[in-house]
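Asks: Quick one: sequence plus predicted model below, questions after.
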Amino acid sequence: MELVTGATGYVGSRLLRRLVDEGRPVRALARAPERVDRLPGVEAVRGDVVNGAGVAAALEGCRSAYYLVHSMEAAGPDAAADDAFPSRHPFSGRDRRAAEVFGSAAAAAGVERIVYLGGIAPTGDPSAHLGSRLEVERILLEAVPGSTALRASIVVGAGSPSFRLLVRLVERLRVLPLPRWRSNRTQPIDERDVVEFLARTPEVPAAAGRSLDVCGPDVMTYGEMIRRIADLMGVGRVPLELSLSLTPPASAVAAALSGQPVELVRPLMESLESEILPRDADEAPRLYGIRPRRFDRAVEHALREWESLEPLSAR
């Protein structure tokens, strides 16, 4: 039996389908289990990783457990919710406490491996968003030493908050302001490749007790990513290069244009202020036998899925 937390979230719901397609028995932990996709072989159970309710019972009999809960996704039913952290970035405290609760319960249940999806460590000081991801990774690996942390940069997919933010800006702005972080580089990854890495992790002995960076083959600046998305959407946009980062006001504008809460957009934009490059881009693909897809292919697939669900006016 495998446990998937965050089962109603973006990555968790896609992972569920991937595991079911392989015939693997899965237990899905969610604060709102009625929202878990009804799939054969999936047992949906109620639980909360912050206060620990239902977590021990959900872990019973599980050999591996996927930890896919992030408090930044505060509007989602699987987000860790708590009012005890009124700071500017309250998700850091919630994520820390949730990871401690889950790690302790997993160790007590005899879980062999926690599989966590976090973020690639930046070249400079991490933003609050990435710093929290790295802290959760440390907590989980210390609790269950055989665990694996997969670190990803921007995930390209129709449901990815980072990708959706970029698409909405391209869609709704004819002149694209590109702050100073436009020249920072990263390696985005196709959503399908992220899910495949996650699904294979429990069966890759060499990944136990490790943190592995997972990414696509294309090294790109954020400015190049935005221009490529505009090209693939078939729209002409005029870049306006700025000498400042302007993250606080830019976050408010981006949130209004994208329809996403500023509490989500601001930490994402703060993370753009550093280069986010893998330590070894070839190691995880070699260990897992996966050949990640190119950026253009990932974007085209994501846009097709997006348009099958809702219109994109710029297309």
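Replies: Perfect, I can see it now.

Asks: Show the residue spans covered by the strands in the chain.
Replies: Applying DSSP state E to the chain gives strands spanning 2-5, 26-30, 42-46, 64-67, 113-119, 148-152, 155-156, 175-178, 185-186, 189-190, 210-214, 220-221, 238-241.

Asks: Could I get the ones you listed in a markdown table, plus columns for mean pLDDT, distance to Pro248 and mean neighbour count?
Replies: To be clear about C-beta, it is placed using only N, CA and C from the backbone, and glycine gets the same treatment. Below are the strands of the chain laid out as a markdown table (pLDDT from 0 to 100; distance: least, C-beta to C-beta, whole Å; neighbours: other C-beta atoms under 10 Å):
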| stretch | mean pLDDT | distance to Pro248 | mean neighbour count |
| --- | --- | --- | --- |
| strand 2-5 | 97 | 32 | 26 |
| strand 26-30 | 95 | 33 | 27 |
| strand 42-46 | 95 | 38 | 17 |
| strand 64-67 | 98 | 31 | 28 |
| strand 113-119 | 96 | 21 | 25 |
| strand 148-152 | 97 | 26 | 25 |
| strand 155-156 | 96 | 25 | 28 |
| strand 175-178 | 80 | 14 | 14 |
| strand 185-186 | 93 | 22 | 20 |
| strand 189-190 | 98 | 28 | 26 |
| strand 210-214 | 97 | 29 | 21 |
| strand 220-221 | 94 | 22 | 18 |
| strand 238-241 | 77 | 18 | 11 |
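
Asks: which ones are touching Arg174?
Replies: Arg174 sits next to Arg237, Val238 when contact means C-beta atoms under 8 Å, 6 or more residues apart in numbering.

Asks: Look up how far Ala256 lies from it.
Replies: 16 Å (C-beta to C-beta, to the nearest Å).

Asks: partners of the nearest residue to Arg293 once chain neighbours are set aside in the sheet?
Replies: If the residues on either side of it in the chain are set aside, Arg293 comes closest to Asp190, at 4.3 Å by C-beta to C-beta, 6 or more residues apart in numbering. Asp190 has the following beta-bridge partners by DSSP bridges: Val156.

Asks: surely Asp190 meets Arg297?
Replies: Yes: look at Asp190 against Arg297 with C-beta atoms under 8 Å: they come within range, at 7.1 Å.

Asks: For Ser92, give its distance to Glu135.
Replies: Applying C-beta to C-beta, the value for Ser92 to Glu135 is 7 Å.

Asks: quick one: low-confidence ranges for the stretch 201-315 of the chain?
Replies: 244, 314-315 (pLDDT under 70).

Asks: Could you rerun that using 80?
Replies: Low-confidence regions of the stretch 201-315 of the chain, defined by pLDDT under 80, span residues 238-250, 253-254, 257-258, 260-261, 263-273, 313-315.
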